[in-house]
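>>> Requesting a structural model of the entry that follows:
(one chain, ligands or ions: 2)
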Amino acid sequence: MANDQSKKMKARERVFSGAQPTGNMHLGNYLGAFRNWARMQADYDCIYCVVDLHAITTFQDPETLRDNVRDAAAAYIASGIDPEASILFSQSQVPAHAELAWIFNCVARLGWLNRMTQFKDKAGKHKERASVGLYIYPTLMAADILLYKATRVPVGQDQKQHLELTRDIAQKFNNDFGVDFFPIVEPAILEEGARIMSLRDGRQKMSKSDPSDYSRINLTDDAGAIAKKIRKARTDADPIPDNLEALKDRPEALNLVTIYSALADLPLKRVCQEFSGKGFAEFKAALSELAVEKLAPITAEMSRLKGDPAYIDGILAAGAERANDLAAPILKEVHRIIGLTS
Ligand code: AMP
Ligand code: TRP
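Ligands and ions are numbered 1, 2, ... in the order given. Sure, this is the predicted structure:
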């Protein structure tokens, strides 16, 4: 019996995911990422990384970066990631990430990277002035995943192209060296409902970098701020319809109903039925109450954790050690396969 149990544990697939420590963790990060990561702990061996090396592809103030790494770790833990059950660490503390990324820079083709839409979006009009790191961001992401031979990667839709590149890199590596070494990653892209939009504009994603703080609910907002932001959220004049179809061309209304449905863990259809015919004043009041109820414990836990940086640093150090232990034999084998060692 105990033996069976341990076999089951060993057979569990490995999950890897990460978010950049760039401040302002928000409701979109929670519903679209962290909450889902926490839920995956029941079925998978999970590795959750604060990707600080990815963050520095655009300039970060050193003092702020230090705080943001701890804040990101606090957000993971407060969202339900258990640092004992899962491995929680920051990317820069496991040097094998950068090393494998270099090797992948020699596997990936320029043409592949030229197609990456996130680089085009982030570099904007002045791509000559973007850092080289921003350009090769996706090879580092492939290294993050393949360094642990992770096969499940929960990310938002916007990361799909990077996962396809990760598959291409794994395949080319295996082909070039005639091995069956790196697995082919299964994207665990969340369904449409998990894309949370700005409270000011239902066609824009809720984002850390939106200049308007009213566009997002931060995981650090208190009950008053949450209620105020929901009250001021953009809507239209019509009441909530009894079916989803009727929300199709009402992005702001759809977004608020989506947030309600995600927080209440109810299908969108059910939420429409429950509030059918009600105006937004009433719906927003219910949404505020629900949001405060669900987010208050997370906010409280984050602020408690922020008051104890030594605890967070300890978690990250222990996580880095465990991650190093998993990564070292894989990187060693890569060295052997490509002829750096015998
Ligand atoms: P980022 O904030 O872009 O570093 O993303 C960190 C994680 O949160 C990724 O897995 C994203 O897909 C997810 N995420 C970010 N913004 C949203 C959003 N507005 N709705 C749903 N998921 C999001
Ligand atoms: N690029 C991801 C994002 O912006 C973050 C990330 C870096 C990541 N490395 C990863 C996500 C590996 C999943 C797996 O959201």
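>>> For the rest of this, base every contact and every neighbour count on C-alpha atoms.
OK.
>>> For residue 52, see how far away residue 65 is.
8 Å (C-alpha to C-alpha, to the nearest Å).
>>> Compare these two (neighbour count), which wins?
A count of neighbours by other C-alpha atoms under 10 Å puts residue 52 above the other of residue 65 and residue 52, at 22 against 18.
>>> got any residues that touch both of residue 65 and residue 52?
Common neighbours of residue 65 and residue 52 are listed as residue 21 (criterion: C-alpha atoms under 8 Å, 6 or more residues apart in numbering).
>>> Over to residue 260: give its phi and psi.
phi -60, psi -50 (degrees, to the nearest 10).
>>> Tell me how many other residues surround it.
22.
>>> So it sits against residue 271, correct?
Yes. Using C-alpha atoms under 8 Å, residue 260 is in contact with residue 271, at 7.5 Å.
>>> Quick one: distance of stretch 301-320 to the chain centre.
19 Å (C-alpha atoms, centre = their mean, to the nearest Å).
>>> near ligand 1, which residues of the stretch 101-250 of the chain show up?
Counting by C-alpha under 6 Å from any ligand atom, the residues of the stretch 101-250 of the chain lying close to ligand 1 are 155-156, 194-197, 205-207.
>>> can you tell me which of those residues are in helices?
Assigned to helices by DSSP state H, none of those qualify.
>>> farthest pair in the residues you listed?
155 and 197 (16.1 Å; C-alpha to C-alpha).
>>> tell me which residues of the helix or strand harbouring residue 176 are tucked away?
If you go by DSSP states H and E, residue 176 is part of helix 160-177. Applying a neighbour-count criterion of 16 or more other C-alpha atoms under 10 Å, one finds 160, 162-174 buried in helix 160-177.
>>> Against ligand 1, how distant is residue 275?
23 Å (C-alpha to the nearest ligand atom, to the nearest Å).
>>> do residue 183 as well
According to C-alpha to the nearest ligand atom, residue 183 and ligand 1 sit 21 Å apart.
>>> In contact with that residue, which residues are there?
146, 149-151, 170.
>>> Redo the buried residues of helix 160-177 as JSON lines? Include distance to residue 252 and pLDDT.
Formatted as JSON lines, the buried residues of helix 160-177 follow (distance: C-alpha to C-alpha, whole Å; pLDDT from 0 to 100):
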{"residue": "160", "distance to residue 252": "25", "pLDDT": "92"}
{"residue": "162", "distance to residue 252": "29", "pLDDT": "97"}
{"residue": "163", "distance to residue 252": "30", "pLDDT": "96"}
{"residue": "164", "distance to residue 252": "31", "pLDDT": "96"}
{"residue": "165", "distance to residue 252": "33", "pLDDT": "98"}
{"residue": "166", "distance to residue 252": "34", "pLDDT": "98"}
{"residue": "167", "distance to residue 252": "36", "pLDDT": "97"}
{"residue": "168", "distance to residue 252": "37", "pLDDT": "98"}
{"residue": "169", "distance to residue 252": "39", "pLDDT": "98"}
{"residue": "170", "distance to residue 252": "40", "pLDDT": "98"}
{"residue": "171", "distance to residue 252": "42", "pLDDT": "98"}
{"residue": "172", "distance to residue 252": "43", "pLDDT": "98"}
{"residue": "173", "distance to residue 252": "45", "pLDDT": "98"}
{"residue": "174", "distance to residue 252": "46", "pLDDT": "98"}
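>>> Contacts for the helix holding residue 176, please.
Here helix 160-177 has contacts from 104, 107-108, 112, 116-117, 138-139, 141-142, 146, 179-185, 187, 189, 337-338, using C-alpha under 8 Å, 6+ apart.
>>> between the longest helix along the chain and helix 160-177, how big is the angle?
Criterion DSSP H: the longest helix present in the chain is helix 309-338. Following axes from the mean of the first three to the mean of the last three C-alpha atoms, to 10 degrees, one obtains 40 degrees for the angle between helix 309-338 and helix 160-177.
>>> by contact count, what packs against helix 309-338?
In this structure, helix 309-338 makes packing contacts with helix 62-78, strand 87-90, helix 96-105, judged by 3 or more C-alpha pairs under 8 Å, 6 or more residues apart in numbering; DSSP states H and E.
>>> what separates that helix from the chain centre, distance-wise?
That offset, for helix 309-338, works out to 20 Å (C-alpha atoms, centre = their mean).
>>> from here on, count from 46
Shifting the count to begin at 46 puts that one at helix 354-383.
>>> out of the helices and strands packed on helix 354-383, nearest to residue 64?
That would be helix 107-123 among those, by C-alpha to C-alpha, at 7.9 Å.
>>> where along the protein do the strands fall?
For the chain, the strands defined by DSSP state E occupy 59-64, 90-95, 132-135, 197-200, 231-234.
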